[in-house]
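K.L.:
below is the sequence, then the predicted model.
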Amino acid sequence: MDRRLVVLYGSQTGTAKDVAERVARDARRRRFRVLVSAMDDYDRTRLIDEAPVIFVCATMGDGEEPDNMKGFWKFLLRKSWPRDILSNLEYTVFALGDSSYDKFNYPGKKLHKRLQQLGARPFYPKGEGDDQHYLGIDGTLDPWLDGLWQVLLQRFPLPPDQEIISDQELLPPKYRLVPYQGKSIAPPTRSAAPGTIVARVECNTRMTTANHFQDVRHVVFSIDEGVWHRPGDIVRLMPSNNAENVDALLSLMGWMAQADDLVLVENTDPDSPVPADIPQPTTLRALLTRHLSPWSRPRRYLFELLSHFATDDQQREKLVEFCTAAGQDELYSYCHRPKRHCVEVIQDFFAVRNVPATYCFDLFPEMVARDYSLASFAEGKVELCVALVEYKTKLAAPRRGIASEWIRTLKKRDEVPLRIVPGTMTLPDDANTPIICVGPGTGVAPMKSLIEARIQQGATANLLVFGCRSRTHDFLFEAEWQKHVDAGHLDLWTAFSRDQPAKVYVQHVLLQHGPQVFDWIQYRGAHVYVCGSSNQMPTDVCNALKLIVQNGAGLTHEQAVEYVAGMKKARRYQEETWS
Amino acid sequence: TPNGAPASILLVGNAYAQSADVEAAAAHFKKTAPAANLTFEQLDRIPTLTLKQSTHSDVVSGYISAAAPHPLPVLAKFLAALRPGGVLHLREVTAATNDTAGTPVADLRAPDQLVSHLKLSGFVNVTSTTVPLSHDAAAAILRAWGVANPTQALTARLVVVEARAEKPNYEVGALTALPLSFRKKKPAAATTTSTPAKDKKALWTTSASAPAQNGNDDDLVDDDMLLDDEDRAKPTLAQLSKPSNCETRRKACKNCSCGRAEMEEQEEAAARAAPTKVTLDVTEDHPITNVVPPTVKSSCGNCYLGDAFRCASCPYLGMPAFKPGEQVTLGGNMLADDLDL
């Protein structure tokens, strides 16, 4: 019997890919042959008579499919397929998402439905991971995997002479670092995804006052004139790690002596090719600086790997415990709740020695690009408005975002690769149609690009509803807004939540001006844009709008809900939120 | 019928209709559209039912009796139950004018309101005609609504609106009608004609290697229609939160009865037997980086280990592990300067 499995993933930030790789490792321990691939990289002609397929499918912000499954997904959606085209296929789906977003796990759920429509048979119920679970994705993934392996081992029993490879046994690394024998050449500094342009930092200034709790950066890049972009577009940046941190990590791991040797990254499994964006040859230092992310949250596999190299029983037992079901609560309070990163874990388990550098891809997650809203609409220039992430947990060292750290240290004239990718928001075709932009905090960034584009069009019915804590501390782009207001190009309503005893937020300002908002929406067809934190704000603003149309048109609450739903459907109410 | 699939009619009755009228209507459809699949449902049950999605070519409601209004949730259900391009035929009593003040019953729609509600619900190509009601017919309806003595002035304020509204046709040019809905636990509805395996393989592989039809989304299924209410449900807070029983840190609960406290006592006794001495030299200038061992005694012996081993009251919690006799080194972000430009 052919004991072969296929694991296909759609992954944007790498989490779904990690899950897919975990499934594959579990499969290899159970003596399955296994192919792991992004859906778009997979040869889909084979799907018609493929071995059982386990799909792992992430969710992007607005319930969209990750980029590396879009082609596959469109292919499945073709109307011309007969209803039984995939009747030979057996599959299951694990969806990943965050239930604080509206369209929770939609891509995974849709994939499950569509495969079923095409005649494929689910051999095991679909699973759903949720970032909001107190144990994260693992909270639902663990029990789902337990069941999956029971089902699969029943269907495909182990060959009589073989056993499951125990967790005590170290699996080979994902990729091998092989000394490069060719001529000594300088390693390429970066490899670029298609569409990448080189931008030059023009300025990087703090927008909030020094006594304000949050450091918000205004970063301006110059780019080639003529690089085409639209208002509401997204700037995708790949951060890199600080050189001193990389040095510290190299000595912590005992890898300093080999840090700058030229190496080739080769795959150990013919079914798992090395990512194309890794330059060949490269160095360990370059990998740790640009391609791997050791200062981010560890995957569970880190603990398993470290346990194989622990030279002390107490530490090894603890590491092993963290990988068991019983150890999950303790792992949570040790690692996930205080937001400990991989390097801190390795420091704590100092009895772990001599981890071969070739395991670096197994130890650390891959670096992922970060998306920021374009905060300008002008030729030859890209502006960002970014709040640097820094907060305290019970750990002594403050938690800082990886990209935030990188942005903090950007200096004038630094050259940075970036990509401009389409955003989700679109302006009305007619410049006479009013727009209402609700963008508190750094949610104002995309609004700035929309409003600048509108002013270029000659549109004057532009309303910005801005909110922050205080007029004096974090009123972002105050001077720019004032200039547009003075020129008669903009109406500006503000909510400064901490400037008076009662907290005033953007939704309150909207409600205060209810009749005018209603007039613009009902009689002038205004488009509404809401951007910012995905927490409470979007819901509050949406509810305020429902109340405004309810009062304005004399509707019942239910009718008002329908009204706003109708606006969303007609793309007259667009949201772009982030967590 | 849209997409060339056999017609499927959902006939909707309501509490004001007589059973004889229902039978007559059903007979009418059987005669005029013998090939059609005819389903019957009562209007007042619609909001609570899960109708089969994207199933019907036509939904007919209010034609048996126009006396029952169609609330927005019902219109939404009709829309979902229709196939793309399917048609809703609807009759409903409304106020005679758009000025609904002085209508005999509360919440009566105006004709324009009915049309706008159909549009709000997602219907397109909405057309409507207003049909006057005779005094007797209007009076009968008012009496059915509980108005004891319908006067001429009251009955004159009612008309019937006949509306025709279409579900957007997202599937123009489809070769095959696709079922857009599935019941749970009924995988892969049996197909009437199954494609031979050889043909399937040929079709799949040639299509798969054909270049992608960029930007031609008309040939794709509308994937938003794939999900039903069950798919849109989210997990509850209770399913996501940590169960709030025993404190699950290594420390046992104060009133522990599970044996953990005794176990820990034994562990601590063992640790006390061979204590490791460490100390912290916390100075103003270097709050954490100068940890110099060892003069002060640790009560559990685990302080030098990381947080994974420290007790809940350990003063070193949150700090990195330090090897006995070694300085604490801080890695990662803590080495980075707070560089302001």
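P.N.:
Sure, I can see it. Please read all numbers here as calculations on a predicted model, not as lab measurements.
K.L.:
how close does A:Val368 get to B:Val115?
P.N.:
In this structure, A:Val368 and B:Val115 are 49 Å apart, going by CB to CB, to the nearest Å. From N, CA and C alone the C-beta is placed, and that goes for glycine too.
K.L.:
same check, this time on B:Gly122
P.N.:
Using CB to CB, we find B:Gly122 at a distance of 13 Å from B:Val115.
K.L.:
A:Phe496 versus the closest residue to chain B within chain A, what's the distance?
P.N.:
Minimum separation of chain A from chain B (CB to the nearest CB) falls at A:Asp348, amounting to 2.7 Å. Remark: distance between A:Asp348 and A:Phe496 (CB to CB) = 43 Å.
K.L.:
what about those two, which has more around it?
P.N.:
In this view A:Asp348 and A:Phe496 are compared by other CB atoms under 10 Å in any protein chain shown, and A:Asp348 has more residues nearby, 25 against 19.
K.L.:
now do the contacts for that one.
P.N.:
Contacts for A:Asp348 (CB atoms under 8 Å, 6 or more residues apart in numbering or on different chains) come out as B:305-308, B:320-321.
K.L.:
the same query, at a cut-off of 7 Å, please.
P.N.:
Shown in contact with A:Asp348 (CB atoms under 7 Å, 6 or more residues apart in numbering or on different chains): B:306-308, B:320-321.
K.L.:
can you list the residues that contact stretch A:430-440?
P.N.:
Looking at stretch A:430-440 with CB under 7 Å, 6+ apart, the contacting residues turn out to be A:427-428, A:447, A:450-451, A:454, A:457-459, A:461-468, A:506, A:517, A:520, A:524-532, A:537, A:541.
K.L.:
and that stretch, how far out from the chain's middle?
P.N.:
28 Å (CA atoms, centre = their mean, to the nearest Å).
K.L.:
and the end-to-end length of that stretch?
P.N.:
Here the two ends of stretch A:430-440 are set 26 Å apart, with distance taken as CA to CA, to the nearest Å.
K.L.:
and that stretch, what's buried?
P.N.:
In terms of neighbour count (16 or more other CB atoms under 10 Å in any protein chain shown), stretch A:430-440 has its buried residues at A:431, A:433-440.
K.L.:
let me know the closest of the residues you listed to A:Gly61.
P.N.:
Nearest to A:Gly61 among the buried residues of stretch A:430-440 is A:Gly439, at 15.9 Å by CB to CB.
K.L.:
burial check on the closest residue to that closest one other than its chain neighbours, number of neighbours?
P.N.:
Leaving aside its sequence neighbours, A:Gly439 sits nearest to A:Met447 (CB to CB, 6 or more residues apart in numbering or on different chains; 4.0 Å). Residues lying near A:Met447 (other CB under 10 Å) number 31.
K.L.:
next structured bit after the strand or helix carrying A:Met447?
P.N.:
Using DSSP states H and E, the secondary-structure element containing A:Met447 is helix A:444-457. Next along the chain after helix A:444-457, taking DSSP H and E as the criterion, comes strand A:462-468.
K.L.:
packing partners of that following strand?
P.N.:
With contacts taken as 3 or more CB pairs under 7 Å, 6 or more residues apart in numbering or on different chains; DSSP states H and E, strand A:462-468 sits against strand A:435-438, helix A:444-457, strand A:491-496, helix A:506-512.
K.L.:
quick one: residues in contact with the helix or strand following it.
P.N.:
Going down the chain from strand A:462-468, the next helix or strand is helix A:478-486, by DSSP H and E. Applying CB under 7 Å, 6+ apart, the set of residues contacting helix A:478-486 from outside is A:451, A:455, A:464, A:490, A:492.
K.L.:
compare those residues and tell me which has the most neighbours.
P.N.:
A:Ile451 (28 neighbours).
K.L.:
do you know the pLDDT at it?
P.N.:
Taken from the predicted model, the pLDDT recorded for A:Ile451 is 97.
K.L.:
give me every residue that touches it.
P.N.:
Neighbouring residues of A:Ile451 by CB under 7 Å, 6+ apart: A:437, A:462, A:464, A:484, A:490.
K.L.:
from A:Gln482, how far out is it?
P.N.:
When CB to CB is applied, the distance between A:Ile451 and A:Gln482 equals 13 Å.
K.L.:
what residue in the stretch 1-150 of chain B comes nearest to chain A?
P.N.:
Closest residue of the stretch 1-150 of chain B to chain A, CB to the nearest CB: B:Leu120 (4.7 Å).
K.L.:
for that residue, which non-adjacent residue is spatially closest?
P.N.:
Nearest-residue entry for B:Leu120: A:Gly566, 4.7 Å, with adjacent residues in sequence omitted and distances by CB to CB, 6+ apart.
K.L.:
tell me which residues of the helix or strand harbouring the one you found come out buried.
P.N.:
Using DSSP H and E, the secondary-structure element containing A:Gly566 is helix A:557-569. Neighbour-count burial for helix A:557-569, counted by 16+ other CB under 10 Å, picks out A:559-567.
K.L.:
what's it packed up against?
P.N.:
Contacts defined by 3+ CB pairs under 7 Å, 6+ apart place helix A:557-569 against helix A:537-553, helix B:72-81, helix B:111-120.
K.L.:
re earlier: which pLDDT value belongs to the residue of chain A closest to chain B?
P.N.:
pLDDT for A:Asp348: 93.
K.L.:
which secondary structure state is assigned to A:Arg236?
P.N.:
In the three-state summary, A:Arg236 is assigned as strand, counting by DSSP: H, G, I helix; E, B strand; the rest coil.
K.L.:
A:Pro422 - how many residues pack around it?
P.N.:
Look at A:Pro422: counted by other CB under 10 Å, it has 11 neighbours.
K.L.:
for B:Cys314, same thing?
P.N.:
Using other CB under 10 Å, B:Cys314 has 17 other residues around it.
K.L.:
assess the claim that it and B:Cys303 are in contact.
P.N.:
Yes. Applying CB atoms under 7 Å, one finds B:Cys314 in contact with B:Cys303, separated by 5.8 Å.
K.L.:
residue ranges with poor pLDDT in chain A?
P.N.:
Under the criterion pLDDT under 70, the flagged ranges of chain A are A:1, A:183-193.
K.L.:
any idea how far the closest residue to A:Cys531 other than its chain neighbours lies from A:Ala351?
P.N.:
Excluding the flanking residues, the one nearest A:Cys531 by CB to CB, 6+ apart is A:Gly443, at 3.9 Å. As judged by CB to CB, A:Gly443 and A:Ala351 stand 47 Å apart.
K.L.:
the more surrounded of the two?
P.N.:
Taking other CB under 10 Å, A:Gly443 and A:Ala351 do not tie; A:Gly443 has more neighbours (27 against 18).
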